[in-house]
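what's the 3D shape of this:
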Amino acid sequence: MSDLDPVLARADANLDTSLETLFDLVRIPSISTDPAHAGDCRRAAQLLADYLTSLGFDASVRDTTGHPMVVAHHEGPNPDSPHFLFYGHYDVQPVDPLNLWTTPPFEPSIGVGAKGQKIIRGRGTCDDKAQLLTFVEAVRAYKEVQGSLPARISIIFEGEEECGSPSARPFLEANKDELKADYVLVCDTGMWDDDTPSICAGLRGLVGEEVRIFAANHDLHSGGYGGIAANPLHIIGRIVAGLHDEDGRVTLPGFYEGVEETPADLKAVWDGLERSMPHVLDRVGLSIPVGEKNRSMLELNWARPTAEVNGISGGYAGEGFKTVIPAEATAKISFRLVHRQDPLKIRESFRAYVRSKVPADCRVEFGEHGAAPAVQMPFDAPILDKAKKALLAEWSKPAIVTGGGGSIPIVGDFRTILGMNALLVGWGTADDRGHSPNEKYNLSSFQKGIRGWVRILDAISA
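Numbers count the residues shown, from 1 in each chain. Okay, the predicted model is just below:
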């Protein structure tokens with residue numbers, strides 16, 4: 001028996017009470033984007049702070065300009081112990097459309113999934129309440145058996161991840177001396193498949209821009225002004241059409257500054273994974289990939305930047321037909337960033353490009369919707385190798401090192417403000433339906449996720 005076996009056994013024995021804590025948290029409708037649920041967000045924060053206090057942490061609820069943060073600290077075995085900051089978020093997405101839920105979203109329960117597996121049902125189970133509790137329950141088991149933790153542990157739980165983390169940056173700036181650690185640990189990602197763990201070595205950054213083009217001082221009759229008056233929708237169309245060249249590359253000047261090539265050995269692994277899996281586009285009814293030519297879909301999703309149009313509006317879009325030249329039109333465009341791309345430079349390059357397309361008698365306004373850099377763990381980082389070995393001991397299958405197509409804005413801020421790389425390990429699965437009706441989390445993900453964090457904590461603290 002290893003020294004870790006009693007801790008793992010305690011984690012298993014604690015499963016029922018761990019689920020009780022999770023259910024209490026899921027019952028709180030902590031929908032951060034809806035002001036009506038501000039009190040619920042604070043209740044969720046207080047529940048977590050109280051629970052961490054009961055485990056021996058110095059924990060508190062901290063006010064921000066928006067929903068509160070939970071911050072907690074626990075000493076390690078000695079002052080020279082490694083120091084890790086764990087991050088998760090307690091806020092959740094709205095539940096609409098409610099009629100598509102088969103069980104009430106904030107009444108958690110155990111059920112049976114489509115594959116016959118036991119599942120935990122409820123909004124926030126996968127994203128991110130069960131995920132964050134896998135780490136807390138691992139810490140609980142470790143302390144109950146060993147009497148202490150193997151490293152200094154700090155925790156920060158956010159209440160605004162699902163609405164863009166507007167309070168995160170000022171909070172980190174104001175508390176960076178307190179929160180600085182050797183690494184940040186994050187549990188807000190997923191497994192490669194139901195039986196294969198993965199470690200996300202990078203998350204793409206994000207720049208969101210809203211463009212509003214103004215032309216005539218009122219909507220015009222297209223019979224009287226068609227062909228002679230500027231049409232904002234035409235201008236938007238030219239802007240959108242010019243964002244990519246024929247090879248799928250983004251045309252903005254300086255866009256690829258800081259973009260590195262994927263290491264050849266990792267690219268070969270990803271190419272092999274893609275050949276062994278169903279076509280990525282099959283499940284959404286498509287078959288022809290777009291984007292940069294001569295790159296695999298996994299590389300495009302995990303390690304290359306993008307420019308996407310998320311919405312265009314203007315003119316008449318109601319029932320029937322109206323021959324109108326609109327006075328204004330709007331486009332919402334987002335950029336996913338990788339490696340060392342500078343989000344502020346990308347924003348300025350985009351705005352300069354848009355201005356070059358707007359006629360002199362028209363005007364443009366811009367709206368910012370977030371700017372976060374990418375996060376990239378060095379592929380040869382020792383902590384990455386230790387985590388892979390720890391996961392192999394639990395799953396008996398090698399962990400897949402992946403990239404992340406999405407973004408977690410605060411993780412980018414951990415890098416730029418606190419200078420910390422992030423180890424992202426999560427236990428979600430492809431069918432968990434995060435952000436959708438009938439969100440769930442596999443019971444095995446919860447139990448083995450707790451055990452996985454026990455093993456990772458032990459390995460990276462040595």
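
quick one: residues contacting Pro97.
Shown in contact with Pro97 (C-beta atoms under 8 Å, 6 or more residues apart in numbering): Pro437. Yep, even glycine has a C-beta here, placed from its N, CA and C like the rest.

just the pLDDT for it.
With respect to pLDDT, Pro97 scores 94.

can you tell me the element Tyr51 falls in?
helix 38-54 (DSSP states H and E).

how about the strands in the stretch 51-200 of the chain?
For the stretch 51-200 of the chain, the strands defined by DSSP state E, counting those that start in this stretch cover 58-62, 69-74, 83-89, 109-112, 118-121, 152-158, 183-186, 198-203.

pick out the shakiest of those, pLDDT-wise.
Looking over the strands of the stretch 51-200 of the chain, mean pLDDT reaches its minimum on strand 198-203, with a mean of 91.

what about the helix or strand following that strand, distance to the chain center?
Helices and strands here follow DSSP H and E; after strand 198-203, the next one along the chain is strand 205-214. Distance, stretch centre to chain centre, for strand 205-214: 20 Å (C-alpha atoms, centre = their mean, to the nearest Å).

send me strand 205-214 as PDB with only the CA atoms.
C-alpha atoms of strand 205-214 as PDB (Å, rounded to 0.1, in the frame of the first residue of the first chain):
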ATOM      1  CA  GLY A 205      -7.300  34.400 -26.100                       C
ATOM      2  CA  LEU A 206     -10.200  36.500 -27.300                       C
ATOM      3  CA  VAL A 207     -11.000  39.900 -28.800                       C
ATOM      4  CA  GLY A 208     -14.600  40.900 -29.300                       C
ATOM      5  CA  GLU A 209     -15.600  43.900 -31.400                       C
ATOM      6  CA  GLU A 210     -18.900  45.500 -32.300                       C
ATOM      7  CA  VAL A 211     -18.800  47.700 -35.400                       C
ATOM      8  CA  ARG A 212     -21.700  50.100 -36.200                       C
ATOM      9  CA  ILE A 213     -21.700  51.900 -39.500                       C
ATOM     10  CA  PHE A 214     -23.800  55.100 -40.000                       C
END
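
summarise which helices and strands whichever helix or strand comes after it is packed against.
Going down the chain from strand 205-214, the next helix or strand is strand 220-221, by DSSP H and E. Judged by 3 or more C-beta pairs under 8 Å, 6 or more residues apart in numbering; DSSP states H and E, the packing partners of strand 220-221 are strand 324-325.

what's the domain layout of this structure?
Using automatic domain parsing, the domain ranges for the chain come out as 5-204+374-461, 207-259+305-372.

returning to that earlier point: what residues of the helix holding Tyr51 count as buried?
Ala38, Asp40, Cys41, Arg42, Arg43, Ala44, Ala45, Leu47, Leu48, Ala49, Tyr51, Leu52 (16 or more other C-beta atoms under 10 Å).

could you dump the domains of the chain to CSV with distance to Asn294?
Below are these laid out as CSV (distance: least, C-beta to C-beta, whole Å):
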stretch, distance to Asn294
domain 5-204+374-461, 18
domain 207-259+305-372, 9
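
hang on, the earlier thing: Asp96: which of the strands of the stretch 51-200 of the chain is closest?
strand 118-121 (17.3 Å; C-beta to C-beta).

most distant residue from the centre of this protein?
Computed with C-alpha atoms, centre = their mean, the residue of the chain farthest from its C-alpha average is Gly224, at 49.3 Å.

in three-state terms, label that residue for me.
helix (DSSP: H, G, I helix; E, B strand; the rest coil).

now the strands of the stretch 51-200 of the chain as JSON lines including mean neighbour count and distance to Ile239?
Listed next are the strands of the stretch 51-200 of the chain as JSON lines, based on neighbours: other C-beta atoms under 10 Å; distance: least, C-beta to C-beta, whole Å:
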{"stretch": "strand 58-62", "mean neighbour count": "16", "distance to Ile239": "42"}
{"stretch": "strand 69-74", "mean neighbour count": "22", "distance to Ile239": "38"}
{"stretch": "strand 83-89", "mean neighbour count": "25", "distance to Ile239": "34"}
{"stretch": "strand 109-112", "mean neighbour count": "12", "distance to Ile239": "47"}
{"stretch": "strand 118-121", "mean neighbour count": "22", "distance to Ile239": "44"}
{"stretch": "strand 152-158", "mean neighbour count": "25", "distance to Ile239": "34"}
{"stretch": "strand 183-186", "mean neighbour count": "24", "distance to Ile239": "35"}
{"stretch": "strand 198-203", "mean neighbour count": "24", "distance to Ile239": "28"}
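
what about the helices in the stretch 251-400 of the chain?
Using DSSP state H, counting those that start in this stretch, the helices assigned to the stretch 251-400 of the chain run over residues 264-276, 297-303, 343-357, 382-395.

any chance of these in JSON lines, plus mean neighbour count, distance to Arg123 and mean pLDDT?
Shown next, in JSON lines, are these (neighbours: other C-beta atoms under 10 Å; distance: least, C-beta to C-beta, whole Å; pLDDT from 0 to 100):
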{"stretch": "helix 264-276", "mean neighbour count": "13", "distance to Arg123": "31", "mean pLDDT": "89"}
{"stretch": "helix 297-303", "mean neighbour count": "21", "distance to Arg123": "26", "mean pLDDT": "93"}
{"stretch": "helix 343-357", "mean neighbour count": "16", "distance to Arg123": "30", "mean pLDDT": "97"}
{"stretch": "helix 382-395", "mean neighbour count": "18", "distance to Arg123": "28", "mean pLDDT": "96"}
